[in-house]
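> I would like the atomic coordinates for the input below:
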Amino acid sequence: MAGHRVRKVVCTLLAGGGIALAMPGFPFGLLVFIALVPFFALLAEGNGFLTGITVGIAFFLIDLRWLFTLYRFNPLIIPGVLLLIVYLSLYFALFGGLIRWSRRRWGSDWGLLLLSPIVFTLLEILRSHGPLGMGFSSLYQSLYKYPLLIQVVSVAGPWALTAAIVFTNTAFYLALQKKKALYLAMGLGMIGLLLLFSLVPLPPAKDPLTVAIVSSDVPQEIKLDGRNLLPLLEDYIAFGKEAVASVPDLIIFPESILPGYILRDERLLPEFTHLAQEAHASVLFGTGDIRSGKIYNSVVFLSSSGKIIDIYDMVRPVPFGETIPCRDLLERIGLKRFIASFLPQELSRGEEFFPIGGIIGTPICFESTFPGPTRAFAKGEATLLVTVTNDAWFIESSEMNAHFANVVFRAVETRRYLIQAANGGISGVVDPQGKIIAETIGEGILRTDVSHVEGLSIYTQLGDLPLYLFFAIVGFATVMWQEIRRRRN
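Next up is the predicted model:
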C-alpha cells in the first residue's frame, strides 16, 4: 500500500514536470498538446484535489524557478516564493477536484471533453487577476515559437488558445483510454482549426520607420548602486551614439536605465536631449520619476528636437517588487516594520493606459505579461507597441524566455508590431503575426524596420466577452444535458 502511494506521488510530480517542459525556457513547446494527458489519467482515481495540488506544485516549482534567483537581495524571498507556488497550485487543485467530482457524478466522456477546457481556462484567467495575479505560466505561452498555431488570439484572445490546448489533451486522453479513433480525430481536428486562423487577414501597415534598440546587460546590483549613476550614464549615452550610426527614426532604451531620476537631474536629461538632436530622431527611455513625493515607473518620449512629448506612468506595478498587496491590512495586524524592511516605499500607479505621442503604447515590464494593457493601448489608437523592461533581477534565467513569450502574444492579439528593449533580457521585435523578426541578448544595438498599423483586431474590439459567452452556453448546455441523462438513468 505504501509503495503504491509513493509511486502515485512520483507519477503526479512527473505529470506536473511534464507540463512545465512545454513552457518557455525549454525547447519542447509542442509537447503541450499531450502534456496534460498523464494529469487526466491520474484524475481517473483517487482524490482530485490532492492530485491537482501536487501536479501544480511540481509545475510551478519548475516553471517559476527563476523567482528563486531573487534570494540574493533578501533571503525571505525563498519562503515567499514557496507560499506563492502553493497558492497558485490551488487552482490546479480546484481543477482536479471539480473534474473528479464531475466524473463521479456524471461519468460522461463527452462531459469531460467539453467541461475540462472551460474549467481549466476559467481558473487560469482567475489566477491572473487580483492582488497576486500573474501573467506567467499560462498554457498558451508554450506555443510562442509557432506563429501558425497562435493566430486565434487575434480573434478570441489568448485564453481561447489555452482552451483549445486543454480540449486537445482531453481528446487524446480519451482516445488512449477508450481506444476510439473519434477522439483522436477530434484532437487533431482542433489543431487543424488553430491552423485555419492563420488565414485571418491583417490590418494594413503604413508609415515604416527604422528603430534602434539599445540592449544592455547591467547587473541589478550595479544598477541599484547610486554611486554608479554617472558611469552608467556615460555607457548608455555611448550606446545611444552608436545607435545614431544606423540613422534611426526612433532610439529606444530599456526600463529605469539609471539609478536616478532623469527628469529631475540637470546632469542627466540634457544628455538624452542632445542625443535626440544629434540623431534627428525621437528617443524613448525608461526612468524612475518623483512628483509631489510620489515615485513612478515611467517612460519618457522625446521629440527629435529634444522636447518632452509625453510621459507614461506604469499602471500595474509588480506585486511585492514595486507594491505590497493589502499593505494597509498587513500593517494593521502588526507587520508594519517587516513590510517597511521589505519594501520601504511603493511605486504610485499611473492613472490610465494611453499611447504616448498619441501613437505608441508602452506597457512597462510586468504589464506586458497581461493582454489587458496592450489591448487598452491599441483601443486608444496606438499604432505601435514598445515594451521597456529590466530583467536583470533574474540573472539570465528562463524568465527572459517567459517574458519575451508574452510579448509575442501581445503583438498578435492587437495586430501591432511590438518592440521590446531589455536590460538583462531579450531585446527584439515581433510582427503582427507573432513572427520574431529580430532578437538579441546582451549588450548591443538592434536595428530593424517596423511599421505603424491601424485598424483593430476582433480581440482588441471585443476582448474576452465572446469567449465568456461561448463558455456560458456550452457549459450550461453540457451540465443540463448530463443532469437530465443522469436522472433518466
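> Please count neighbours and contacts with C-alpha atoms only from this point.
OK.
> what about the residue nearest to residue 397 when sequence neighbours are not counted, how many residues close to it?
Residue nearest to residue 397 in three dimensions, not counting chain neighbours: residue 66, with 5.7 Å by CA to CA, 6 or more residues apart in numbering. Residue 66 has 18 neighbouring residues, counting by other CA atoms under 10 Å.
> all strands for the stretch 201-350 of the chain, in order.
According to DSSP state E, counting those that start in this stretch, the stretch 201-350 of the chain carries its strands in the segments 205-215, 250-252, 282-291, 294-302, 308-313.
> center of this protein - which residue?
Among the residues of the chain, the one closest to the centroid is residue 369, at 2.5 Å (CA atoms, centre = their mean).
> In contact with that residue, which residues?
Contacts for residue 369 were tallied using CA atoms under 8 Å, 6 or more residues apart in numbering; they are 134, 135, 136, 403, 406, 407.
> Most neighbours among those, please name it.
Highest neighbour count within those: residue 407, with 32 neighbours (other CA under 10 Å).
> Could you pull up phi and psi at that one?
Note on residue 407: its backbone torsions stand at phi -70, psi -30 [degrees, to the nearest 10].
> what separates it from residue 97, distance-wise?
33 Å (CA to CA, to the nearest Å).
> swap in residue 320?
According to CA to CA, residue 320 stands 30 Å off from residue 97.
> Between those two, tell me which one has more neighbours.
The neighbour count for residue 320 versus residue 97, taken as other CA under 10 Å, is higher for residue 97 (20 against 17).
> Just confirm that one contacts residue 53, I think it does.
No: here residue 97 does not reach residue 53: they are 9.5 Å apart, not a contact under CA atoms under 8 Å.
> Which strand residues bridge the closest residue to residue 418 other than its chain neighbours?
By the measure of CA to CA, 6+ apart, the closest residue to residue 418 outside its immediate chain neighbours is residue 385, 4.7 Å from it. When bridges are called by DSSP bridges, residue 385 pairs up with residue 361, residue 418.
> Can you tell me how far residue 385 is from residue 290?
As defined by CA to CA, residue 385 lies at a distance of 25 Å from residue 290.
> do residue 7 as well
For residue 7, the distance to residue 290 equals 56 Å [CA to CA].
> same thing with residue 85?
The spacing between residue 85 and residue 290, counted by CA to CA, is 34 Å.
> Return the helix or strand in the chain with minimum mean pLDDT.
Least confident helix or strand of the chain, by mean pLDDT, DSSP states H and E, is helix 336-342 with a mean of 71.
> And the pLDDT for the residue nearest to the centre of the chain?
At residue 369 the predicted local confidence, pLDDT, stands at 96.
> now the one 3 residues further on
pLDDT, the model's per-residue confidence, is 96 for residue 372.
> Might you report the residue contacts of it?
By CA under 8 Å, 6+ apart, the contact list for residue 372 is empty.
> Which helix or strand contains it?
Secondary structure assigned from DSSP states H and E places residue 372 in helix 371-379.
> So for residue 7 and residue 290, which sits in the more crowded spot?
Neighbour comparison, residue 7 and residue 290: the larger count goes to residue 290, with 18 against 12 (by other CA under 10 Å).
> Just list whatever residues bridge to that one.
Here residue 290 shows beta-bridge partners residue 295, assigned using DSSP bridges.
> Keeping just the C-alphas, turn the helix holding residue 372 into PDB.
This file holds the C-alpha atoms of helix 371-379, laid out as PDB (Å, rounded to 0.1, in the frame of the first residue of the first chain):
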ATOM      1  CA  PRO A 371      -3.400  41.100 -22.500                       C
ATOM      2  CA  GLY A 372      -5.400  44.000 -20.900                       C
ATOM      3  CA  PRO A 373      -2.800  46.800 -21.100                       C
ATOM      4  CA  THR A 374      -1.800  46.300 -24.700                       C
ATOM      5  CA  ARG A 375      -5.400  46.000 -25.700                       C
ATOM      6  CA  ALA A 376      -6.200  49.300 -23.900                       C
ATOM      7  CA  PHE A 377      -3.300  51.000 -25.800                       C
ATOM      8  CA  ALA A 378      -4.500  49.700 -29.100                       C
ATOM      9  CA  LYS A 379      -8.100  50.800 -28.400                       C
END
